[in-house]
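**Q** Predicted model and sequence below, questions to follow.
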Amino acid sequence: MQIEMNVIDAFTDHVFKGNSAAVIITDSWLSDALMQSIAMENNLSETAFLVLDKTDDRDIYHIRWFSPFTEIAFCGHATLASAFVLFKKNPTFKSIKLSAKAVGVLTVVQMDSGKIQMDFPNRKPEKVTDIPDDLLAGLSITPVDVYRNAQAYFVIYNSEADVLTVERDNDALKQLAPYDVAVTCQAKSENYHNYDFISRYFWPANGGDEDPVTGSAHTGLAPLWAERLEKNELLAYQASSRGGVLDCVVTGNRVHISGHAVQYLTGFITIEE
């Protein structure tokens, strides 16, 4: 059996930047074990698997995301990568519906600018007053404030230098499972003057050391900074070694996140049946 696989760099308009995701579209679900094995073999942040719902009058693709370690409830950059592939295969499409158990039906739109806009739930985090010892032990710089939603702890720092230089202890951060950790600050310096805030994302409990660009985290980061900066349209930069840019618009209980994506490769996986 041969299975087509596309690898897309998401939240960037340059190959080798942003966050890479593999996208596999099949007529029916592969077994969970096989999907996990493929994701492990790919060793990318996520591999997205999609199946078209043929029982519905609308074209809805069910989507699941796997890191090399485990199935992930919600992944933004692999959603962007999946939409990129679907729009490329169906050039007349202007929008696509994706359905995932944890976040419901997602509408994804191909914009005239070339960016792809995703409509996600607003997952604004709440302030944490009792900061876990493992979080304090896991970061080399003490937080100014800490928030948390269903996905991650959000650590606020005063400066970009803190976000860029903070070191982590993966063994300590793993103890926070199932939560990951985002570190973030307002963008103030000349180097980041185009952006409203920057961040980095650590996920030793669920996927690896540091995620290059994390769309799902921005469903928490964007409303957090929208409130702190008193603005609903924000431009974000995830300051990993690869880097990525995310346009964020907070509208009530939804967060629209937009970005570019570029093709890295198309190939085939050969599976012995």
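**A** Thanks, I have the structure now. What you see is a predicted model; the values in this text were computed from it and never measured.
**Q** all helices of the stretch 51-200 of the chain, in order?
**A** Counting by DSSP state H, counting those that start in this stretch, the stretch 51-200 of the chain has helices at residues 76-89, 133-138, 160-165, 170-174.
**Q** need the ones you listed in TSV with mean pLDDT, distance to Pro121 and mean neighbour count, can you?
**A** No exception for glycine: its C-beta is placed from N, CA and C like everyone else's. Below are these laid out as TSV (pLDDT from 0 to 100; distance: least, Cβ to Cβ, whole Å; neighbours: other Cβ atoms under 10 Å):
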stretch	mean pLDDT	distance to Pro121	mean neighbour count
helix 76-89	97	11	26
helix 133-138	98	24	16
helix 160-165	98	25	17
helix 170-174	95	25	16
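**Q** and the angle from the particular helix or strand that has Asp247 in it to helix 76-89?
**A** Following DSSP states H and E, one finds Asp247 within strand 244-251. With axes from the mean of the first three to the mean of the last three Cα atoms, to 10 degrees as the basis, strand 244-251 and helix 76-89 are set at 90 degrees to each other.
**Q** Tell me where the model's unsure across the stretch 1-150 of the chain.
**A** Within the stretch 1-150 of the chain, the segments meeting pLDDT under 70 span 55-58.
**Q** so where do the strands sit in it?
**A** Assigned by DSSP state E, counting those that start in this stretch, the stretch 1-150 of the chain shows strands spanning 2-10, 19-26, 46-53, 60-66, 71-72, 95-100, 104-110, 116-121, 126-127, 145-148.
**Q** contacts for stretch 23-42?
**A** Here stretch 23-42 makes contact (Cβ atoms under 8 Å, 6 or more residues apart in numbering) with 3-8, 22, 46-52, 61, 64, 66-71, 78, 81-82, 84-86, 269, 271.
**Q** any idea how this structure splits into domains?
**A** 2-117+259-270, 126-252 (automatic domain parsing).
**Q** Could you tell me the end-to-end distance of the longest one?
**A** The first and final residues of domain 2-117+259-270 sit 5 Å from each other (Cα to Cα, to the nearest Å).
**Q** How about the shortest one?
**A** Distances were taken as Cα to Cα; on that basis the terminal residues of domain 126-252 are 16 Å apart.
**Q** quick revisit: rebuild the strands of the stretch 1-150 of the chain as JSON lines, extending it with distance to Ser159.
**A** Output for the strands of the stretch 1-150 of the chain, formatted as JSON lines (distance: least, Cβ to Cβ, whole Å):
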{"stretch": "strand 2-10", "distance to Ser159": "28"}
{"stretch": "strand 19-26", "distance to Ser159": "25"}
{"stretch": "strand 46-53", "distance to Ser159": "30"}
{"stretch": "strand 60-66", "distance to Ser159": "33"}
{"stretch": "strand 71-72", "distance to Ser159": "31"}
{"stretch": "strand 95-100", "distance to Ser159": "36"}
{"stretch": "strand 104-110", "distance to Ser159": "35"}
{"stretch": "strand 116-121", "distance to Ser159": "29"}
{"stretch": "strand 126-127", "distance to Ser159": "20"}
{"stretch": "strand 145-148", "distance to Ser159": "14"}
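**Q** what's the spacing between the closest residue to Lys124 other than its chain neighbours and Val155?
**A** Using Cβ to Cβ, 6 or more residues apart in numbering and skipping the chain neighbours, the partner closest in space to Lys124 is Pro223 (3.7 Å). Separation of Pro223 from Val155 (Cβ to Cβ, to the nearest Å): 16 Å.
**Q** Looking at those two, which one has more neighbours?
**A** More crowded of Pro223 and Val155, by other Cβ atoms under 10 Å: Val155, with 30 against 23.
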